[in-house]
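# any chance you can model this:
(one chain, ligands or ions: 1)
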Amino acid sequence: MALRTILEFPDPRLRTRAHPVTRFDADLQRVIDDMLETMYAAPGIGLAATQVDVHRRLIVIDVSADNTEPFIIVNPEILSRDGEIATEEGCLSVPGYYDEVKRAARIRVRAQDRDGNVFERDCEDLLAVCVQHEMDHIDGKLFVDYLSSLKRERVRKKLEKERKERAARSSSPRERRSAL
Ligand code: ZN
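Next up is the predicted model:
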């Protein structure tokens, strides 16, 4: 396994619409294992392939407290949505920034697992938020798109400034909270 570099906003590659996964081969297994390792190391609770510059419809999630419940979602579609939940979201591609986003509180998802088996699963609360957040990524969308353009521009400038400072200092401590 290997850690992959996570693309950061406003990298234009994050705007790519990912292609469906058609081959459940050794290459796909390697990408999935790398994504899990990268997500756990970040640390984060969700990661879409788009974020590591792999433009396939593939997502890994683990919302358990002890990183023991990896949830791998390939070619997902949302069958139904219900309710509304407002959560303060973060994103590994928008490091250090959190803001409230409204999403469906409960969703039913149909997807394939890492071997290509089709399954359906009901997701609620944090898991539902996470799945919707990651599904946005594979369509080239980021959670900052739900904010006002003024706010988004402020985030972009803040990240740009931090990147420059990081480059100057070579390392900087980062807030440790759950990011998707
Ligand atoms: Zn994200």
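# going by C-alpha atoms from here, please, whenever you check contacts or count neighbours.
Fine.
# how about the helices in this protein?
When assigned using DSSP state H, the helices of the chain occupy the ranges 26-41, 125-138, 149-169.
# quick check, pLDDT for Ser178.
Per-residue confidence (pLDDT) for Ser178: 71.
# from Gly90, how far off is it?
Separation of Ser178 from Gly90 (C-alpha to C-alpha, to the nearest Å) stands at 7 Å.
# of these two, which one has the most company?
Per other C-alpha atoms under 10 Å, whichever of Ser178 and Gly90 has more neighbours is Gly90, with 22 against 16.
# ok, the more buried one touching Val129?
No. Counting by C-alpha atoms under 8 Å, Gly90 sits too far from Val129 to count as a contact (11.2 Å).
# mutual contacts of the two, please.
For the pair Gly90 and Val129, no residue contacts each of them under the criterion C-alpha atoms under 8 Å, 6 or more residues apart in numbering.
# next up, the contacts around the closest residue in space to Arg114 that isn't next to it in sequence.
Take Arg114 and drop its neighbours on the chain: the residue closest to it by C-alpha to C-alpha, 6 or more residues apart in numbering is Ile72, 6.4 Å away. Each residue near Ile72 by C-alpha under 8 Å, 6+ apart is listed here: Ile32, Leu58, Ile59, Val60, Ile61, Asp113, Arg114.
# now, which of the residues you listed lie within strands?
Secondary structure from DSSP state E places Leu58, Ile59, Val60, Ile61 of the contacts of Ile72 in strands.
# the third one: what's it in contact with?
Translated: Val60. Under the contact definition (C-alpha under 8 Å, 6+ apart), the residues listed for Val60 are Ile32, Met35, Leu36, Gly46, Leu47, Ala48, Pro70, Phe71, Ile72, Ile73.
# list only buried entries from those.
Neighbour-count burial (16 or more other C-alpha atoms under 10 Å) applied to those gives Ile32, Met35, Leu36, Gly46, Leu47, Ala48, Phe71, Ile72, Ile73.
# identify the residue nearest the third one in space, chain neighbours excluded?
By the measure of C-alpha to C-alpha, 6+ apart, the closest residue to Leu36 outside its immediate chain neighbours is Val60, 6.4 Å from it.
# for the one you found, list each beta-bridge partner.
Leu47, Ile72 (DSSP bridges).
# roughly how far does whichever residue of the chain sits closest to the ion sit from Gly83?
Distances from the chain to the ion, computed as C-alpha to the ion, single out Cys91 as the nearest residue at 3.8 Å. Distance check for Cys91 against Gly83: by C-alpha to C-alpha, it reads 23 Å.
# so between those two, which is more surrounded?
For Cys91 against Gly83, the residue with the higher neighbour count under other C-alpha under 10 Å is Cys91, and the figures read 25 against 10.
# these two touch, right, the more buried one and Leu180?
Yes. Applying C-alpha under 8 Å as the test, Cys91 and Leu180 come out as touching, 4.5 Å apart.
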